[in-house]
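Visitor: Quick one: sequence and predicted model below, then my questions.
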Amino acid sequence: DTEVTQTPKHLVMGMTNKKSLKCEQHMGHRAMYWYKQKAKKPPELMFVYSYEKLSINESVPSRFSPECPNSSLLNLHLHALQPEDSALYLCASSHRGSGTGGGGYTFGSGTRLTVV
Amino acid sequence: GQSLEQPSEVTAVEGAIVQINCTYQTSGFYGLSWYQQHDGGAPTFLSYNALDGLEETGRFSSFLSRSDSYGYLLLQELQMKDSASYFCAVRGSNAGNMLTFGGGTRLMVKP
């Protein structure tokens, strides 16, 4: 299995809702990432998990809460979001700290989130 | 921190060759990667250079010069399906092994 699976593919939520984005990989990668991407912009890093521990939080507002239940799963819990949080949320994974695979990340197809 | 510069847009015709340049500034460097992203899709890993020189993968090649903090992606025998955004990205030396992306180059291939 060489894929990162993200669910749901699309999500519309109100500003008072609580929802979760899910990400799963079975490649044995020990680093997992959440990126946010606005239209016509590059992906921007939000969080990094390394060996199931949060290693980087790029000053993301607390209305975004990541969780890594095990080495294959990564969640992003959403609460009290703003319309400007509407974006494509991408999950990625990689081998930790090595050039294996040529330094490549494997991205999921993303969740397109709309906050109304 | 890290910053990467690449052209915002490139247009070429089918069958042609196009080169997308990327210059970077980074504290700590563990390689330059290239990703392709079609509209509405996920970024897909294309290539990676950790050392100076040219890496070839089919119609795509990538080049790195660490002394010049410069790299490029070369696409040969362009096809319509190559129309997409192309991002260069650097891996830093931080604990998270994180990628930082350039602004992206939108390639339009015309008949």
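Guide: Nice, I can see it.

Visitor: Show me what from chain B comes close to chain A.
Guide: Applying CB under 8 Å from any CB of the partner chain, one finds that chain B approaches chain A through B:30-31, B:33, B:41-45, B:47-48, B:50, B:87, B:91, B:94-104, B:106. (Each C-beta comes from the backbone N, C-alpha and C, glycine too.)

Visitor: Out of the residues you listed, which end up buried?
Guide: By neighbour count, with 16 or more other CB atoms under 10 Å in any protein chain shown, the residues of chain B next to chain A hold B:30-31, B:33, B:42-43, B:45, B:47-48, B:50, B:87, B:91, B:96-104, B:106 as buried.

Visitor: Give me the most central residue, chain A.
Guide: In chain A, the residue lying closest to the centroid (CA atoms, centre = their mean) is A:Trp34, at 2.8 Å.

Visitor: Quickly list what it is bridged to.
Guide: Partner residues in beta bridges with A:Trp34, using DSSP bridges, are A:Phe47, A:Cys91.

Visitor: ok, it - contacts?
Guide: By CB atoms under 8 Å, 6 or more residues apart in numbering or on different chains, A:Trp34 lies in contact with A:23, A:45-47, A:66, A:74, A:76, A:89-91.

Visitor: what about 7 Å?
Guide: A:46-47, A:66, A:76, A:89, A:91 (CB atoms under 7 Å, 6 or more residues apart in numbering or on different chains).

Visitor: before we move on, back to that, can you tell me which of the buried ones among the residues of chain B next to chain A are in strands?
Guide: B:33, B:45, B:47-48, B:87, B:91, B:99-101, B:106 (DSSP state E).

Visitor: Save these as TSV, and put in distance to B:Lys81 and pLDDT too.
Guide: Supplementary listing: those in TSV, determined by distance: CB to CB, whole Å; pLDDT from 0 to 100:
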residue	distance to B:Lys81	pLDDT
B:Ser33	21	92
B:Phe45	17	91
B:Ser47	17	91
B:Tyr48	22	90
B:Phe87	17	97
B:Arg91	28	78
B:Leu99	24	82
B:Thr100	27	86
B:Phe101	22	92
B:Arg106	15	98
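
Visitor: out of those, what pair is the most spread apart?
Guide: Maximum pairwise distance among those (CB to CB): 23.6 Å, between B:Arg91 and B:Arg106.

Visitor: What helix or strand is the spatially closest residue to A:Lys53 that is not a sequence neighbour located in?
Guide: Spatial nearest neighbour of A:Lys53, excluding adjacent residues (CB to CB, 6 or more residues apart in numbering or on different chains): A:Cys68 at 7.6 Å. Using DSSP states H and E, A:Cys68 sits within strand A:64-70.
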